[in-house]
Structures are given as C-alpha cells and as structure tokens.
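Trainee: structure of the sequence below:
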Amino acid sequence: DYQTHEILVPGQADTENTQENRKSSLQLLHSNLPGDQAEFYYRLSQALTVLVLALIAVPLAQAKPRSGRYGRLFWAFLLYALYFNLIALMENVIKHGELTLWQGLILTHGAFILLWLWLLWWMSGGSRRLWQRLFRRRHGYA
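Mentor: Numbers count the residues shown, from 1 in each chain. Sure, this is the predicted structure:
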C-alpha cells in the first residue's frame, strides 16, 4: 500500500478492515451479534479505562512521609497489566457469546471500581478502625 507505506505481512489477516471496525459505535450498540458487541465493548472500555485508572491513581499516589516516593509503582504497573489483560479476555469471551456486553462491562470495570473504593477505604484508615472495633468488642472494651 503505497499511500500509507504499509506492507501486509504474509499469513497475517488484515485486522483493521473487519466488518466490526467499519460500523459506527451506535450500530454496534444496537446489534445483537457477539462480534459487534465485543467491538463495542472494546471501544467503550478504552474510555472507561482512562477514567478508572485515574481514580485508582489517587490512592496509589498517597505516600507516608518516610516511605519511598516510588513505593507503589510496582502495584500500579501490576494493576495496569491486569486491567488490560482482563479487557482482552472479556472481549474474547463476549466475541464467543459466553457473556453479554453489559455483563462484561460490569465484571471488568465494576471490579476495578470496587478495587478503587477498597483502596480509598484502606488508605483512609478504615482497616485500622475496623480492627480496633473488633478488638474492643472481643475484649469487652467500650
């Protein structure tokens, strides 16, 4: 293809020109075909991922005064990799018709929103207060 300076590698399918890629997002949303739903899931997930990862970054960025600046960077990379692998997995599951579009969205992004809420609770000292309440009840303190 001389206009875009691209060469198709022999044996590789031209993935950019599939039927799902040619349809608008609105057409994909109203379609009942699993391939169309998987493509819409992928398109919507790209936008949702930016928002959810930005939310998760806030509690991960909090550092105690004497802790290292990059202490939670490993966890950020791990969550990033897990999130995008889960998106690819769910896209494949939706494409094979095992889950619907909405089930895939809830499982993927809902799980990471719950993780964000848990991180907020954990960073605000919620676990410490929970253990203190349990300890006081168990040992008869008021």
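
Trainee: and whatever helix or strand residue 56 lives in, what's buried?
Mentor: Using DSSP states H and E, the element containing residue 56 is helix 34-61. The neighbour-count check on helix 34-61 (16 or more other CB atoms under 10 Å) flags 34-42, 44-45, 48-49, 52-53, 55-56, 59-60 as buried. C-beta: built from backbone N, CA, C; applies to glycine.

Trainee: swap in stretch 80-99?
Mentor: Buried residues in stretch 80-99, counted by 16+ other CB under 10 Å: 83, 86-87, 90-91, 93-95, 99.

Trainee: over to stretch 65-85?
Mentor: 72, 79, 83.

Trainee: next: stretch 125-141.
Mentor: Buried, per 16+ other CB under 10 Å, within stretch 125-141: nothing.

Trainee: need the CA coordinates for it. CSV is fine.
Mentor: Output in CSV follows, covering the C-alpha atoms of stretch 125-141 (Å, rounded to 0.1, in the frame of the first residue of the first chain):
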residue,chain,number,x,y,z
GLY,A,125,-7.5,4.1,57.8
GLY,A,126,-10.7,2.1,57.5
SER,A,127,-8.9,-1.2,58.2
ARG,A,128,-7.3,0.2,61.4
ARG,A,129,-10.7,1.4,62.7
LEU,A,130,-12.3,-2.0,61.8
TRP,A,131,-9.6,-3.9,63.8
GLN,A,132,-10.0,-1.5,66.7
ARG,A,133,-13.7,-2.1,66.8
LEU,A,134,-13.4,-5.8,66.6
PHE,A,135,-10.7,-5.8,69.4
ARG,A,136,-12.8,-3.7,71.7
ARG,A,137,-15.9,-5.9,71.3
ARG,A,138,-14.0,-9.1,71.8
HIS,A,139,-12.2,-7.9,74.9
GLY,A,140,-15.1,-6.0,76.4
TYR,A,141,-13.8,-2.5,76.0
